[in-house]
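Enquirer: the sequence and its predicted three-dimensional model are supplied below.
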Number of protein chains: 2
Amino acid sequence: MTTAHHAPGETRPGGRTARTRQAVLTAVFQELGEGGFAGLTMEKVAQRSGIHVATLYRRWRSIEGLVCELLADLSSGVPLPDSGSLPTDLHTLARSIADFYGEARMSSLIEAVVSAAARDPQAAAVLRSFFSERMALATRMVLRAVDRGELPVDTDPEGVLSALGAPFCYRILIARRPVDRDLAESAATAVWAAACAGAYRRKGEGGLPADESPAVNNKPPGGS
Amino acid sequence: MTTAHHAPGETRPGGRTARTRQAVLTAVFQELGEGGFAGLTMEKVAQRSGIHVATLYRRWRSIEGLVCELLADLSSGVPLPDSGSLPTDLHTLARSIADFYGEARMSSLIEAVVSAAARDPQAAAVLRSFFSERMALATRMVLRAVDRGELPVDTDPEGVLSALGAPFCYRILIARRPVDRDLAESAATAVWAAACAGAYRRKGEGGLPADESPAVNNKPPGGS
């Protein structure tokens, strides 16, 4: 994956504002790689980027604002696959996510953003709108699968995609262990099996009531 | 669920130290309910609990230390089911988790703890050890299911339980929307289907290689 390695902001050529933005985001990215979020300050970013600290405060308000913009910038580069098969797409996307967050500074970054959102309502709004945008793009992947007849028509695409992202969130923020390709394989296999079993069907659109759902149908697994 | 409503620390009767602890944790709990984590300070906790702020700093070091202890205290009260059927246990546990985090201040609390861990290595260590302990208890639930023949013998119990907790983590910290019973049903249904499909089998213990896993076996779903 090259996604995690492109210099932040490099896809936006332009005038001085664009160059400032690129210098600042690159500096944040480098600082995160060296000291993580705990050691990150506006002053260090100013020093490394050569941009005056007053400019940083004026444009990004806080270190929280900066890390949110960096996350949005970097993760917009994670490609959304379209292979013609949802299980293949799920595996491809899960591997991209694993590679993205496999780098320690990327885990630090998502941790920093969540932490920022806990302390700062504006950072929370940035995080929420960023994930809604990504989600809106990614749902197409699931809608195509529904059109192909791979999944029930009442499947909730957001449910499927949240379920794919959730194990990475848990691994990084709660278990606090590194993300790897095994997690990606497990997540993609799990989501596909669960989607086929109807775990992400919209409520009240033909799904079984909870008490009769397949989950309480205690059938033994096929394997082992 | 009564879990989320018992006064923090009440199960530890004892002398002045225990009473101080209870007063402080109760105060943190109440402050979180009124102002969330963003507004929480040692001074407010001191004022509400009647415990001197110097005592708070001496014993808990930081607001981060306090929220970690409160989370450990409260969530140790979430019961681990043992119905004789894993799918039923998964649904019961998922509902308990949903009820626990369904309260806004509980979502604030987990957010506070994750945020604390991002900023403070000691809080990170507390979070990691707390979840390992909970995990060690909960794995018994899955091991019993393996003994009963419900799941493949090479199932990784921690994989199953992380997958059950992950959607709540994602909903609270990333999507930033309230947790509800629908999420619990979806999570439990998903984990059971995925576990049966072998998504949580340990690597190198009889699982299929990734390229031949059921996930890339593009079979249409049973339903719809």
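Expert: Here it is on my side, so go on.
Enquirer: what's the longest helix in chain A?
Expert: helix A:121-147 (DSSP state H).
Enquirer: which element follows it toward the C-terminus?
Expert: Downstream of helix A:121-147, the first helix or strand assigned by DSSP states H and E is helix A:157-170.
Enquirer: mind checking if that next one is in reach of chain B?
Expert: Yes: using Cβ under 8 Å from any Cβ of the partner chain, helix A:157-170 reaches chain B at A:159, A:162, A:163, A:165, A:166, A:167, A:169, A:170. (C-beta placed from N, C-alpha, C; glycine too.)
Enquirer: name the nearest of those residues relative to residue A:54.
Expert: Nearest to residue A:54, judged by Cβ to Cβ, of these is residue A:169 at 35.2 Å.
Enquirer: which residues does the closest residue in space to that closest one that isn't next to it in sequence contact?
Expert: Spatially, and ignoring its direct neighbours in sequence, residue A:169 is nearest to residue B:170 (4.6 Å; Cβ to Cβ, 6 or more residues apart in numbering or on different chains). Neighbouring residues of residue B:170 by Cβ atoms under 8 Å, 6 or more residues apart in numbering or on different chains: A:162, A:165, A:166, A:169, A:170.
Enquirer: you'd agree the first one is up against residue B:167?
Expert: Right, residue A:162. Yes: counting by Cβ atoms under 8 Å, residue B:167 is a contact partner of residue A:162 at 6.7 Å.
Enquirer: the two: who's more crowded?
Expert: Neighbour count, other Cβ atoms under 10 Å in any protein chain shown: between residue A:162 and residue B:167, residue B:167 has more, with 30 against 25.
Enquirer: run through the residues that contact that one.
Expert: Neighbour list for residue B:167: A:162, A:163, A:166, B:183, B:186, B:187, B:190 [criterion: Cβ under 8 Å, 6+ apart].
Enquirer: and the helices in chain A?
Expert: So, for chain A - with DSSP H - the helices run A:16-35, A:42-49, A:53-60, A:63-75, A:86-102, A:104-119, A:121-147, A:157-170, A:181-196.
Enquirer: okay, now the unreliable bits of chain A?
Expert: Along chain A, the model assigns pLDDT under 70 to residues A:1-14, A:204-224.
Enquirer: the residue nearest to residue A:193 when sequence neighbours are not counted - how many residues pack around it?
Expert: Ranked by Cβ to Cβ, 6+ apart and with sequence neighbours excluded, the top spatial neighbour of residue A:193 is residue B:197, at 3.5 Å. Counted with other Cβ under 10 Å, the neighbours of residue B:197 add up to 24.
Enquirer: how about residue B:197, phi and psi?
Expert: Main-chain torsions, residue B:197, degrees, to the nearest 10: phi -80, psi 0.
Enquirer: quick check: residue A:65 vs chain B, distance?
Expert: According to Cβ to the nearest Cβ, to the nearest Å, residue A:65 and chain B sit 15 Å apart.
Enquirer: please report how far the residue lying closest to that residue once chain neighbours are set aside lies from residue B:178.
Expert: Distances taken as Cβ to Cβ, 6+ apart place residue A:123 nearest to residue A:65, at 6.5 Å, with adjacent residues excluded. According to Cβ to Cβ, to the nearest Å, residue A:123 and residue B:178 sit 19 Å apart.
Enquirer: go on, residue A:17?
Expert: Taken as Cβ to Cβ, the span from residue A:17 to residue B:178 is 38 Å.
Enquirer: give me the more crowded residue out of the two.
Expert: Applying other Cβ under 10 Å to residue A:17 and residue B:178 shows that residue B:178 carries more neighbours, namely 14 against 10.
Enquirer: setting the sequence-adjacent residues aside, check what's closest to that one.
Expert: Once flanking residues are discounted, residue B:178 sits nearest to residue B:102: 6.8 Å by Cβ to Cβ, 6+ apart.
Enquirer: what about the one you found, neighbour count?
Expert: Residues lying near residue B:102 (other Cβ under 10 Å) number 19.
Enquirer: next, the contact list for residue A:90, please.
Expert: Contacts for residue A:90 were tallied using Cβ under 8 Å, 6+ apart; they are A:164, A:188, A:191, A:192, B:215.
Enquirer: one more time with 10 Å
Expert: A:81, A:83, A:141-142, A:145, A:160-161, A:163-164, A:184, A:187-192, A:195, B:215-216 (Cβ atoms under 10 Å, 6 or more residues apart in numbering or on different chains).
Enquirer: number of nearby residues for the closest residue to residue A:137 other than its chain neighbours?
Expert: Closest residue to residue A:137 apart from its sequence neighbours, by Cβ to Cβ, 6+ apart: residue A:80 at 6.1 Å. Per other Cβ under 10 Å, the neighbour tally for residue A:80 reads 14.
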